[in-house]
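# based on what follows, work out the 3D shape:
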Amino acid sequence: MNLKKVELIGVIFFSIFALSINGITFSALFVVSTLWIIYIAIILNKIAYRKNERWINILCKIYKSLVIIFIISFFLIEGVIIFNINKFKEVKYIEKLEYMIVLGAGIDGEKVGKTLKSRLDEALKYYKLNKSVDIIVSGGQGRDEIVSEAEAMYRYLVEKGVNQNQIIKEDKATTTLENIMFSKEILKNRSDEDKKVLIVTNEFHLYRSMLIANILDVKNEGLSSYTPFKIRVNYLLREYPTIIIDIVKSNLYKVKTH
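Prediction:
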């Protein structure tokens, strides 16, 4: 068996192994896709060396340059996210603010899911230290959801003793960008768009959320909830493409509205 067949079998075997271990998750698909992208670069390089034709060499150089940009940008973005995770403040060190925005996540029936519960529990810790804070719960209703995420969050917070008059439901948002956009509209309607807000979400998600808020000129502080390591890895990998997309969309929205 020649070396090419051994390499191909190795890549196929590793791909199947990665998917069988982790299932069809974003992290598994991302790792497998990256492996094939690099493998194709190696194959193209070998073809270019053997054929030594100008158009093949140009194609190979362009592809390799894109792969290098992809790898460098991936490690750069992931490094910045992980670095900032270690810089987020604990609830006891956060100043007293008038508004807190809790970003939505998946719900289970009419109840909050585990990820969303962790965000709300962290928000409750801050509420106990600052009972005057108004809480914007932001999250729309998905196709497979019985109620909106905002409604599920509202019910959970009321059950935990939060004054219902201090909870503001934002039930249109379906993305992180919309969470910030629509929450900003609420602040604007209350003539408080210049007020600093506390954004509450999971640690893997907080950097992107605060970055979007900064782009949209929303003064902010961040409070992060804990995510189990295995789940966090999957979401951290997802942050790479979504942070690039949201930076572009946020700037386009800002240009459009100014």
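
# and Lys219, how far is that from Lys256?
Lys219 sits 21 Å away from Lys256, taking Cβ to Cβ, to the nearest Å as the criterion. (Each C-beta comes from the backbone N, C-alpha and C, glycine too.)

# looking at those two, which is more packed in?
Comparing Lys219 with Lys256 by neighbour count (other Cβ atoms under 10 Å), the higher total belongs to Lys219, at 13 against 7.

# give me the pLDDT value at the more buried one.
If you check Lys219, the pLDDT there is 95.

# tell me the contacts of the closest residue to it other than its chain neighbours?
In space, and not counting its chain neighbours, Lys219 is closest to Lys196: 4.0 Å by Cβ to Cβ, 6 or more residues apart in numbering. Counting by Cβ atoms under 8 Å, 6 or more residues apart in numbering, Lys196 touches 97, 99, 219-221.

# go with 10 Å
By Cβ atoms under 10 Å, 6 or more residues apart in numbering, Lys196 lies in contact with 95, 97-99, 218-221.

# do Gly104 as well
By Cβ under 10 Å, 6+ apart, the neighbours of Gly104 are 112, 115-116, 119, 137-142, 148-150, 152-153, 170-171, 173-174, 176, 178-179, 201.

# try 7 Å this time
116, 138-139, 149-150, 153, 173, 179 (Cβ atoms under 7 Å, 6 or more residues apart in numbering).

# most neighbours among those, which one is it?
Neighbour counts for these, by other Cβ under 10 Å, peak at Met153, which reaches 31 neighbours.

# next, work out how far apart that one and Lys51 are.
For Met153, the distance to Lys51 (Cβ to Cβ) stands at 60 Å.

# helices along this structure, start to end?
For the chain, helices defined by DSSP state H occupy the ranges 3-22, 26-51, 54-85, 114-129, 149-159, 176-189, 203-215, 229-257.

# Asn165: which of the ones you listed is closest?
helix 149-159 (10.3 Å; Cβ to Cβ).

# thinking again about what came up before, now the contacts of Gly104 in CSV, with pLDDT and distance to Gly161?
Output for these, formatted as CSV (pLDDT from 0 to 100; distance: Cβ to Cβ, whole Å):
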residue, pLDDT, distance to Gly161
Leu116, 93, 18
Ser138, 95, 21
Gly139, 92, 21
Glu149, 93, 20
Ala150, 94, 19
Met153, 93, 14
Ala173, 93, 25
Asn179, 96, 25
